[in-house]
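> Curious how this folds, go ahead:
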Amino acid sequence: MPSTTIKRIETRLVNIEPETLRTDATQTFVRQETILVTVETADGLRGTGYSYTIGTGGSSVFALLRDHVAAGLVGRDARDIEGLWARMLAATRATAFGPLTSLALAAVDTALWDLRCLRAGEPLWRLAGGAHERLPVYDTEGGWLHLPVDALVENVRAARDRGLRGAKLKVGRPTAVEDAERLAAVRAAVGPSFELMVDANQSLTGAEAIRRARAYEPCDIAWFEEPMPAEDVAGHERLARSTSVPVAVGESIYSVGHFAEFLRAGAAGIVQVDVARVGGITPWLKVAHAAEAFNVRVAPHFLMELHASLACAVPAGMYVEYIPQLGAITTSELVIEDGAVVPPEAPGLGIAWDEDAIADLRVA
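The predicted structure is shown next:
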C-alpha cells in the first residue's frame, strides 16, 4: 500500500456561537455549524479541512459526508485531488449542484489540500500560486443592519483607526432613503479615501436594486454586493449596465459553471467566491483564474482564516474580509500589518486546531 493511500476519514460537527450579533436584510446568524473532516493516510499524515453553515443544514451535510462520500475515498491515493473531487461529485450527482453537496465536498477537499501542503512542506498560499505576499483587509463586523447610525459610524471609524482599508455596511432597510442616509453619515465621518462597500444579501428586486444603486453612487461605493437572488443572472447584468458601482456576487453561487454565466454576461464586477460554498479549494482556484481571464478581481466571502491564503495565491486576489470565524476552536491567529493580511507560512492550511475546544463543542 502506498504511503499516500487514504486509510481513514473522520467527520465531526461542531457548533460555534457567533462572536457578535450578525444581522442582514434576510437573516440573523443563529450559530456557525462547522463541519470538520480529517483525512489520514497510510503513513500517518493527517490533514484537516472544514466547511460551515450559519445555523441550519449542518447535520444534513454531516449525514451526506458520512453516508455517501467518505467511505468511497478510503483506499484511494490522497494526492489525486482532481480525481477525488470528481469521484465525490459523481457519488452525490443526485444532489449536485447545490449548497449541501458543495459544503460536503469542500470539507474533504480542503483536508486533501492540507495533506498536499503538509507533504510538500509548503504553505497553502505558495503551493496554490504564491501571487501576493499580503493583501488589504476590510471590515464587516461593524456594519450589521440592526445597528443604529451612531454605532455604524463608531465601528467604521474604529476599523479605519486600526489601519484596515475599508468597511462593509449591510443595506436593505425598508426604504432607499434610510440606506442612503446611513451610508452618507458613515462616509462623512471617515472621509473620501476610506473604501466603503454595501451588501443587500439578495433582498432586492431587479428594479429596486437599480434604484438603490443610484442612491448609493454619491458615496463612491467600492461595490454593491448580492443585490438580488443569485439565480437572476440577467437581473445582475441589467444592474451592472445601469450603474457605476461594481456589482459583487459569489457567496451564494455553488458551481464553477454558474460563475461562468455571470462572467460571460458581464454581470459580475467583483467575484466573491466562497471556498466552502463552491465545493473546495479545487473549484475555488478555477473560479479565481476564470475571473482573471475576464479581468475581474476576487474578494472572497467569509472564511478569512482560509481565504487569506487563497486570495494571496492568485493574481486576481483583491481583498480579504475581516470577520472572525474560528477563534473558539483554533489557537492560531491571522497576522494583519498596516491594514494588510500576511498569509500563514506554516505548512498546510495554516490553521492550528484546538482539539480540546473541538471536543467540548462537538455535537456529532
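
> if you go through the stretch 101-250 of the chain in chain order, where are the strands?
Ranges of strands within the stretch 101-250 of the chain are 135-139, 166-170, 195-199, 224-225, 247-249, based on DSSP state E, counting those that start in this stretch.

> now for these, which one comes closest to residue 343?
Closest approach to residue 343 among the strands of the stretch 101-250 of the chain (C-beta to C-beta): strand 135-139, 8.3 Å. Where C-beta positions appear, they are placed from N, C-alpha and C, glycine not excepted.

> Quick one: mean pLDDT for the closest one?
Averaging pLDDT along strand 135-139 gives 98.

> Who does that strand pair with, and is each partner parallel or antiparallel?
Here strand 135-139 has these sheet partners by DSSP bridges: strand 166-170 (parallel), strand 320-322 (parallel), strand 340-342 (antiparallel).

> can you state the direction angle for it and strand 195-199?
Put simply, strand 135-139 runs at 60 degrees to strand 195-199, going by axes from the mean of the first three to the mean of the last three C-alpha atoms, to 10 degrees.

> which residues are in contact with strand 135-139?
Here strand 135-139 makes contact (C-beta atoms under 8 Å, 6 or more residues apart in numbering) with 155-156, 159, 164-168, 195, 197, 308, 311-312, 317-323, 336, 339-341.

> for stretch 239-246, same thing?
So stretch 239-246 is contacted by 206, 209-210, 213-214, 216-217, 221-224, 227-228, 247, 266-270 (C-beta under 8 Å, 6+ apart).

> Going by neighbour count, which residues in stretch 340-358 are buried?
For stretch 340-358, a neighbour-count test (16 or more other C-beta atoms under 10 Å) marks 340-344, 347-351, 353-354, 357-358 as buried.

> which non-adjacent residue is nearest residue 238?
Closest residue in space to residue 238, ignoring its immediate chain neighbours: residue 206 at 6.1 Å, by C-beta to C-beta, 6 or more residues apart in numbering.

> just to revisit the earlier point, what about burial for the contacts of stretch 239-246, which qualify?
The neighbour-count criterion (16+ other C-beta under 10 Å) marks 206, 209-210, 213, 216, 221-224, 227-228, 247, 267-270 among those as buried.

> farthest pair in those residues?
Within the buried ones among the contacts of stretch 239-246, 206 and 222 form the most distant pair, 21.6 Å apart (C-beta to C-beta).

> any idea how far residue 324 lies from residue 143?
Note on residue 324: its distance to residue 143, by C-beta to C-beta, to the nearest Å, is 14 Å.

> So for the two, which residue has more residues nearby?
Applying other C-beta atoms under 10 Å to residue 324 and residue 143 shows that residue 143 carries more neighbours, namely 26 against 16.

> Which residue is the nearest non-sequential neighbour of that one?
In space, and not counting its chain neighbours, residue 143 is closest to residue 169: 4.0 Å by C-beta to C-beta, 6+ apart.

> Mind listing what's buried along stretch 244-253?
By 16+ other C-beta under 10 Å, the buried positions in stretch 244-253 come out as 245, 246, 247, 248, 249, 250, 251, 252, 253.

> could you dump these to JSON lines with distance to residue 19 and pLDDT?
As requested, those are exported to JSON lines (distance: C-beta to C-beta, whole Å; pLDDT from 0 to 100):
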{"residue": "245", "distance to residue 19": "29", "pLDDT": "97"}
{"residue": "246", "distance to residue 19": "29", "pLDDT": "98"}
{"residue": "247", "distance to residue 19": "29", "pLDDT": "98"}
{"residue": "248", "distance to residue 19": "24", "pLDDT": "98"}
{"residue": "249", "distance to residue 19": "26", "pLDDT": "98"}
{"residue": "250", "distance to residue 19": "23", "pLDDT": "97"}
{"residue": "251", "distance to residue 19": "19", "pLDDT": "96"}
{"residue": "252", "distance to residue 19": "22", "pLDDT": "96"}
{"residue": "253", "distance to residue 19": "26", "pLDDT": "97"}
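
> Dump those residues into TSV; add distance to residue 295 as well.
Shown next, in TSV, are the buried residues of stretch 244-253 (distance: C-beta to C-beta, whole Å):
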residue	distance to residue 295
245	18
246	12
247	15
248	15
249	16
250	16
251	21
252	23
253	19
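
> Residue 178: which of those is nearest?
Nearest to residue 178 out of the buried residues of stretch 244-253 is residue 245 (C-beta to C-beta; 18.0 Å).

> Regarding that closest one, what are the backbone dihedral angles?
Backbone torsions for residue 245, taken as degrees, to the nearest 10, come to phi -80, psi 130.

> From residue 212, how far off is it?
For residue 245, the distance to residue 212 equals 10 Å [C-beta to C-beta].

> residues shared between the contacts of these two?
Common neighbours of residue 245 and residue 212, using C-beta under 8 Å, 6+ apart, are residue 224.

> that older thread, now do the residue nearest to residue 238, the pLDDT please.
Per-residue pLDDT puts residue 206 at 97.

> still on that earlier bit, so which of the contacts of stretch 239-246 belong to helices?
Using DSSP state H, 206, 209, 210, 213, 214, 216 are the members of the contacts of stretch 239-246 that sit in helices.

> I am finished for the moment; much appreciated.
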